[in-house]
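Chemist: Need the 3D shape of this:
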Amino acid sequence: MEHSSLQTLTSVPPSLSIAVLCGVALSLWLAIRSKAGGLPYPPGPKGLPFIGNVLEVDLKEPHITYTRWAAQYGTCSPVPFDFSVDFVIISSEKIARHLADQRSTIYSDRPQSPLYKLFGVDRMTFLLTYCSEWKAHRKLLHLSLKPEAVDQYQDMYLSSARRLLGNLKQNGTKFREHFHLYTGAISLELTYGRRIEGKNDPIISLATSLGVILSEETTPEKSGLLMAFPLLRYLPAKMVHTLAELPYNTAKQQMESGVLPQCLVHDFLTHGEVEEASAKDAAAGVYLGLSFSTAKGYALTQWLRQPAAAESAAAILETLVLAMILYPDVQQKVHAELDAVLGKGNLPTFADRPRLPYLQAVLFELLRWQPVFPLGVPHATTTNDIYEGYYIPKGCIVIFNVWAMTRNCPDPERFDPTRHLTFDGQVIPQARQHYGIHFGFGRRVCPGRTFAEYALWAAAATMLSSLKFEKAKDARGNYIDIKLEFTHGQASHPLPFECSITDRLDD
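Modeler: Down below sits the predicted model:
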């Protein structure tokens, strides 16, 4: 058995007395042990009485703590964190694939929260439990998001990427806003066939407002207000309902009039024998999962603890700009490859993608270097399991430590695209499979993975074919240093930084 993946954590509600805690902890421990038949948990750190390992975990960067524990205790270890909930941290890609793929019926559930229903997102695909409704949603999504289906939207990706290029040339200081608008607009068009030109589109504005409310108004210190004032409590649920109903009903009317462009809803409605509620919820789940990347919407992705494809693409584009500035030699090589394949001044198409291996290696390296979701998205077990003689109980929260899986290479903190290339400059066959860890495991793998890949490649190839990214200068003409700093939490993206974006074709 590999060693470096499971750990158990324990936290305690401050309102409980020590006596009650002792009784609860002892009862749960005895109950769990009796169910386990005496089998041990996977090896992990020993927590203190009542507070477990809380004081040992870096709450800003827990993946760092878990990775250190993985090296010490094993890649599959329990971590006591809550007397009422078991956690298992898996830091090995091999073990993750074995459990999530080969035992998928056990490891395909989702942890639940009463907040999901409170805010009207409990029927979204990415939050559903492993049930018949979830399977119906996934069947619909597979129909429209499988690679050969997404392939038909190539023109949409390229036209959106060229609008992005125009926005960057017009005002490069707002590059983050342009990235979020790019991914949000593609999400809306892919899901509902709705073409937008700017951030003032009512659906984009509503999604942005909802993201702000859920990220800023659901903090612990404001939770009392949410429970005390029904208007505050149900406002997000109403907004989610509107986001689900409005674009779907508009698309359905267009479908009946014969003017709806090719999109997910078009596929759902032509599939036949599909319950409208399932189609509507599945479409809303895709859009909510993909589109919360506008403005402050990325915070909603963290709040829901769900890796959204569009949010991934927007965050990776920010990281791409950062990497090109910090590693100008890599940027020069990308420019040289693009010029050699396309001819300087020409914009790429997807037909050029196989002939640009270095650019593809750069995109692979971006996610390895700074994973957008270092701890993936939690799974939960549907029943008890035994792995390599160790007991994993039903209802256990399983966290895949993607960060640890990306550190298994020489000098992991260095940005080096050649890790993913053969000696003759072609992409290593295993690179794409390893890249898949960033989109989840087993039956819960992100259905929008191909969407994110296309959106990322189109934007990166189009931008780098025309633009050059450098450090910005201050009023005195001195370069402004950039620190390699990222946000902490479920999702990770670069902290704000300044940069200079110029048209390299003018050089």
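Chemist: ok, L246 to S257 distance?
Modeler: 17 Å (Cβ to Cβ, to the nearest Å). Placement of C-beta: from N, CA and C, glycine included.
Chemist: got the residue ranges for the strands in the stretch 51-200 of the chain?
Modeler: Secondary structure of the stretch 51-200 of the chain (DSSP state E, counting those that start in this stretch): strands located at 76-81, 87-90.
Chemist: before we move on, the earlier item: and L246 and S257? Which one has more around it.
Modeler: Shown here are L246 and S257; by other Cβ atoms under 10 Å, L246 has more neighbours (14 against 8).
Chemist: ok, now which ones touch the more buried one?
Modeler: If a contact means Cβ atoms under 8 Å, 6 or more residues apart in numbering, then L246 has I203 as its contacts.
Chemist: I'd like the next helix or strand past the one helix or strand it maps to.
Modeler: Here L246, judged by DSSP states H and E, is contained in helix 230-257. Downstream of helix 230-257, the next assigned helix or strand under DSSP H and E is helix 264-271.
Chemist: buried ones in that following helix?
Modeler: Buried positions in helix 264-271, judged by neighbour count with 16 or more other Cβ atoms under 10 Å: 264-269.
Chemist: what pLDDT, on average, does the helix or strand that it is followed by get?
Modeler: Following helix 264-271 in sequence order, the next helix or strand is helix 276-291 (DSSP H and E). Taken as a whole, helix 276-291 has an average pLDDT of 79.
Chemist: what about the nearest residue to D267 once chain neighbours are set aside, distance to L456?
Modeler: Excluding the flanking residues, the one nearest D267 by Cβ to Cβ, 6 or more residues apart in numbering is S144, at 4.2 Å. Taking Cβ to Cβ as the measure, S144 falls 19 Å from L456.
Chemist: repeat for K146
Modeler: For K146, the distance to L456 - Cβ to Cβ - is 18 Å.
Chemist: Look at these two and report which has more neighbours.
Modeler: L456 (23 against 12).
Chemist: Checking that one next. Helix, strand or coil?
Modeler: What DSSP: H, G, I helix; E, B strand; the rest coil gives for L456 is helix.
Chemist: what's the neighbour count on the closest residue to it other than its chain neighbours?
Modeler: Among residues not flanking L456 along the chain, A313 sits closest, at 4.8 Å (Cβ to Cβ, 6+ apart). By other Cβ under 10 Å, 30 other residues sit near A313.
Chemist: Next, the contact list for A313, please.
Modeler: Contacts of A313 by Cβ under 8 Å, 6+ apart are 179, 183, 293, 452, 455-456, 459.
Chemist: In ChimeraX, how would I select the buried members of these?
Modeler: In ChimeraX, a selection of the buried entries from the contacts of A313 looks like this (16+ other Cβ under 10 Å):
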select :179,183,293,452,455,456,459
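Chemist: So which of the contacts of A313 sits lowest on pLDDT?
Modeler: Across the set of the contacts of A313, S293 stands lowest in pLDDT, at 37.
Chemist: any idea which element the residue nearest to L456 lies in?
Modeler: Using DSSP H and E, A313 sits within helix 309-326.
Chemist: could you give the angle of that helix to helix 276-291?
Modeler: Per axes from the mean of the first three to the mean of the last three Cα atoms, to 10 degrees, the angle that helix 309-326 makes with helix 276-291 is 10 degrees.
Chemist: Now do the helix or strand that helix 309-326 is followed by, average pLDDT.
Modeler: Remark: after helix 309-326, the chain's next helix or strand is helix 328-342, criterion DSSP H and E. Here helix 328-342 scores 97 as its mean pLDDT.
Chemist: Only the buried residues of helix 328-342, if you could.
Modeler: Buried residues in helix 328-342, counted by 16+ other Cβ under 10 Å: 330-331, 333-335, 337-338, 341-342.
Chemist: so that helix versus helix 309-326, what angle?
Modeler: Counting by the same axes, to 10 degrees, helix 328-342 lies at 110 degrees to helix 309-326.
Chemist: Can you dump the C-alpha atoms of helix 328-342 in CSV for me?
Modeler: Extracted in CSV, the C-alpha atoms of helix 328-342 (Å, rounded to 0.1, in the frame of the first residue of the first chain):
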residue,chain,number,x,y,z
PRO,A,328,9.8,35.6,-20.0
ASP,A,329,11.9,32.8,-21.6
VAL,A,330,8.8,30.5,-21.6
GLN,A,331,6.8,33.3,-23.2
GLN,A,332,9.4,33.8,-25.9
LYS,A,333,9.3,30.1,-26.7
VAL,A,334,5.5,30.2,-27.0
HIS,A,335,5.7,33.2,-29.3
ALA,A,336,8.3,31.5,-31.4
GLU,A,337,6.2,28.3,-31.8
LEU,A,338,3.1,30.3,-32.7
ASP,A,339,5.0,32.4,-35.3
ALA,A,340,6.5,29.3,-36.8
VAL,A,341,3.2,27.4,-37.1
LEU,A,342,0.8,30.3,-37.9
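Chemist: quick one, what contacts G436?
Modeler: Going by Cβ under 8 Å, 6+ apart, G436 touches 445, 449.
Chemist: could you redo the last one with a cut-off of 10 Å?
Modeler: Contacts were defined as Cβ atoms under 10 Å, 6 or more residues apart in numbering; by that measure G436 touches 93, 97, 445-446, 449.
Chemist: swap in A277?
Modeler: Applying Cβ under 10 Å, 6+ apart, the residues near A277 are 123, 133, 136.
Chemist: Considering those, which possesses the most neighbours?
Modeler: In terms of neighbours by other Cβ under 10 Å, the contacts of A277 top out with R123 at 21 neighbours.
Chemist: Isn't it up against E133?
Modeler: Yes. The pair R123 / E133 is scored as a contact, 7.6 Å apart, by Cβ atoms under 10 Å.
Chemist: tell me, what's touching those two both at once?
Modeler: Shared contacts of R123 and E133 (Cβ under 10 Å, 6+ apart): 277-278, 281-282.
Chemist: Which of these has the largest number of neighbours?
Modeler: Within the shared contacts of R123 and E133, A282 tops the neighbour count with 30 neighbours, counted by other Cβ under 10 Å.
Chemist: so how far is L347 from that one?
Modeler: 34 Å.
Chemist: sorry, back to before: I'd like to know which of the buried residues of helix 328-342 is nearest to L484.
Modeler: Checking these against L484 by Cβ to Cβ gives V330 as the nearest, at 14.6 Å.
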